[in-house]
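**Q** my questions concern the predicted model and sequence given below.
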Amino acid sequence: MEGQEIIAYASGNEEIVPKSGIAGFDRALANSLARLTRAFDVLPGFGYYDEKPGENNAYATPAVRLEKADGTVLFGTRMLQSLLQRRESPDAAVLAVCAHEYGHIVQYKYNLRNKLLANQSTVKRLELNADYFAGYFAGGRKLENSNFPAAVFAATQHSFGDINTSSKGHHGTPDERAAAVVAGYKAAHDKRLTFQQALEDGLAQVGA
C-alpha cells in the first residue's frame, strides 16, 4: 500500500521465506543485491516474510538470521506484490526499497545510528540517511548504465513519505524523502564521492 511507512524493525521472529517464487525476478534481484554489497561493503542476509494483515513493510536488523555477518534484510511479501504492480519500472522500485534497507545495514555496521538519533524525537534523520544511501547507489548505477531508471528511486521513496511529523515513527515528508535520494544520487553521479566520503556527506546532508 503506497504511503505506508517502511519500518526498520520488527519482532525478529518472523518465518523467513528464502525466495519470492518468481524465478526470473529472483535471479535479477540476486545480481542487484550483489551490486549493493559491493557498493556499500556490507553483506546482510536477505529474504522475505509474510507481514501481518494490513502491513506493508520491509526492515533491516543487525540480528544474524541467515548466517551473514552484517545482519539481515527482510522484505514483506505484501510490499513486494504492491511494488511489482507499479507501472513504471517495478523492479527498480523493489530495488529502491532494498537499497534503503541496505542503507540501514550500513548504519549498523559503521555505527551511524547514535549520531543520527542523538537528541531526536523521531527517526526521520535515520530514515533520510538510508534514503541518501539508496540515492547514492542509484547514482553509481547511472554512471555505469545511462539507461538505469534512477528517478524511480526518488519516486518510490517519495511515495512512502508521511506527514505525521510529531510521531516518533515519522520517516520524513514525501518531498524530504525524495530530496534525500537526490542528494545521494548527486554525491555519486555528480560529485563522484567514494563510499567512505559518502558516509560523512550522508550525515551532513541530514544535519547529523
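**A** Sure, I can see it.
**Q** so the residue located most distally from the centre of the chain is in which element?
**A** Note on the chain: the largest C-alpha distance from the chain mean falls to Asn119, namely 23.3 Å (Cα atoms, centre = their mean). Counting by DSSP states H and E, no helix or strand carries Asn119.
**Q** do you know how far it is from Arg125?
**A** When distance is defined by Cβ to Cβ, to the nearest Å, Asn119 is 10 Å away from Arg125. Heads up, the C-betas are built off the backbone N, CA and C, glycines and all.
**Q** ok, now which ones touch the residue lying closest to Leu193 once chain neighbours are set aside?
**A** The shortest distance from Leu193 to any non-neighbouring residue, by Cβ to Cβ, 6 or more residues apart in numbering, is to Ala187 (4.6 Å). For Ala187, the contact set (Cβ atoms under 8 Å, 6 or more residues apart in numbering) comprises Tyr132, Gly135, Tyr136, Gly139, Leu193, Gln197, Ala198, Asp201, Gly202.
**Q** quick one, strands of this structure?
**A** Taking DSSP state E, the strands of the chain run over residues 45-49, 58-61, 72-76.
**Q** can you say which of those is nearest to Glu144?
**A** strand 45-49 (21.5 Å; Cβ to Cβ).
**Q** need the contact partners of the closest one.
**A** 10, 14-20, 33, 64-68, 71-77, 80, 98.
**Q** burial check on the nearest residue to Ser121 once chain neighbours are set aside, number of neighbours?
**A** Distances taken as Cβ to Cβ, 6+ apart place Lys168 nearest to Ser121, at 6.7 Å, with adjacent residues excluded. Neighbourhood size, Lys168 [other Cβ atoms under 10 Å]: 10.
**Q** how about Asp162?
**A** By other Cβ under 10 Å, 19 other residues sit near Asp162.
**Q** most centrally placed residue in this structure?
**A** With distances taken as Cα atoms, centre = their mean, the residue of the chain nearest its centroid is His100 (1.0 Å).
**Q** from Val42, how far off is that residue?
**A** With distances taken as Cβ to Cβ, His100 is found 13 Å from Val42.
**Q** could you tell me which residues touch both of these two?
**A** Counting by Cβ under 8 Å, 6+ apart, His100 and Val42 have no common neighbour.
**Q** okay, stretch 145-154 in CSV with CA atoms only?
**A** Output in CSV follows, covering the C-alpha atoms of stretch 145-154 (Å, rounded to 0.1, in the frame of the first residue of the first chain):
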residue,chain,number,x,y,z
ASN,A,145,24.5,2.4,-17.3
SER,A,146,22.9,5.6,-18.6
ASN,A,147,19.6,3.8,-19.1
PHE,A,148,19.3,2.9,-15.4
PRO,A,149,15.9,4.2,-14.1
ALA,A,150,17.4,6.2,-11.2
ALA,A,151,14.4,8.6,-11.0
VAL,A,152,12.3,5.6,-9.8
PHE,A,153,14.3,5.6,-6.6
ALA,A,154,13.2,9.1,-5.7
